[in-house]
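Enquirer: Quick one, fold the following:
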Amino acid sequence: MKVARIHEHGGPEVIRIDHIDIPTPGDGEVLVDTEATSFNPTELAVRQGIFQIELPHTLGWDLAGHHDGRPVVGFVDSGAAAEFTIAPTDRIVPAPQSIPLRDAAAIPLAGLTAWQVVEYVTKGQKVLINGAGGGIGSFAVQLAKRKGAYVIATASSRSTKAVHGYGADEVIDYTRQVPKTPVDVMIHLVGTPPPWPPPARELVISAAAPVEADVPTKHVVMRYNRDMLAELVEMIDAGLVTVDVTARYPLDAMAEVHRKAGEFRGKVIVATR
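Expert: As a prediction, the model looks like this:
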């Protein structure tokens with residue numbers, strides 16, 4: 001089977017398409033006939049060696065595919081950028097029926113991260129979501145609105161229309177304007193600290209770069225939750241949450257995806273076959 005993996009740390013050029021044997025699942029595991037994975041910016045850190053991993057390492061955390069002939073979506077610790085993926089049994093759920101199966105690979109990491117930062121938001125609060133044009137941001141805006149928040153979002157001009165479409169009440173073009181309106185909660189989804197003082201009165205939540213503020217801060221690292229993922233799928237099928245896939249690439253182009261990482265809006269799908 002084909003896999004996209006790295007044998008050393010470095011730039012996008014270290015990503016290779018290898019041919020290896022189809023793995024055999026062990027106890028508590030299943031073999032997924034993988035249709036797609038999605039690109040997550042944190043994978044740049046994996047490739048660069050910021051995280052300690054065993055090499056060679058097959059990329060990919062999100063997956064969509066088939067198990068026993070049934071469409072599934074799930075999350076694994078590594079190995080989804082492959083034609084077949086070993087997944088713990090509790091890491092997969094039935095895939096949504098309302099979107100293409102490959103696009104379902106956009107859901108797990110970004111959707112669960114967004115939900116888990118929005119858990120700290122309550123109805124009626126004014127919330128600033130910094131980085132709303134990214135994959136996590138697309139879910140975070142929608143989920144914060146579902147909780148009854150007033151959402152102010154930052155995004156570049158290329159993302160303004162889409163972020164309004166997610167339901168944001170206001171969109172600030174961060175390339176031209178500094179967010180100054182006081183808010184109750186700020187959610188930071190950008191890989192670098194904000195270059196301006198967080199205007200939050202109660203709490204700053206980060207799912208990316210840590211943020212220093214004069215109010216309490218919380219850093220959120222996605223924790224897998226099967227029930228939460230299944231509920232996200234239900235919301236998508238009910239038309240309550242949309243999945244914004246903005247680009248699709250074949251597995252052979254994984255290095256190109258990494259090279260273009262800073263150019264993307266929304267979620268990027270990598271088809272594995």
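Enquirer: Report the secondary structure state of the residue sitting nearest the centre point of the chain.
Expert: Note on the chain: the residue nearest the mean C-alpha position is Ala110, at 2.5 Å, using Cα atoms, centre = their mean. Under DSSP: H, G, I helix; E, B strand; the rest coil, Ala110 falls in the helix class.
Enquirer: cool, and Gln177?
Expert: coil.
Enquirer: and it, what pLDDT?
Expert: Gln177 is assigned 91 on the pLDDT scale.
Enquirer: Could you do Thr181 as well?
Expert: Note on Thr181: pLDDT of 93.
Enquirer: ok, it to Glu35 distance?
Expert: Using Cβ to Cβ, to the nearest Å, we find Thr181 at a distance of 43 Å from Glu35. Bear in mind the C-beta positions are built from the backbone N, C-alpha and C, glycine included.
Enquirer: Same question for Pro210.
Expert: Counting by Cβ to Cβ, the separation of Pro210 from Glu35 is 35 Å.
Enquirer: Counting neighbours, go ahead and name the busier of these two.
Expert: Glu35 (24 against 10; other Cβ atoms under 10 Å).
Enquirer: helix or strand for that one, which one?
Expert: Using DSSP states H and E, Glu35 sits in strand 29-39.
Enquirer: in its sheet, what does that strand sit against?
Expert: strand 62-67 (antiparallel), strand 84-88 (antiparallel), strand 267-271 (antiparallel) (DSSP bridges).
Enquirer: Any idea which of those gets closest to Glu13?
Expert: With Cβ to Cβ as the measure, strand 267-271 is the member of these nearest Glu13 (17.2 Å).
Enquirer: pLDDT of the closest one, averaged?
Expert: Over the span of strand 267-271, the pLDDT mean works out to 98.
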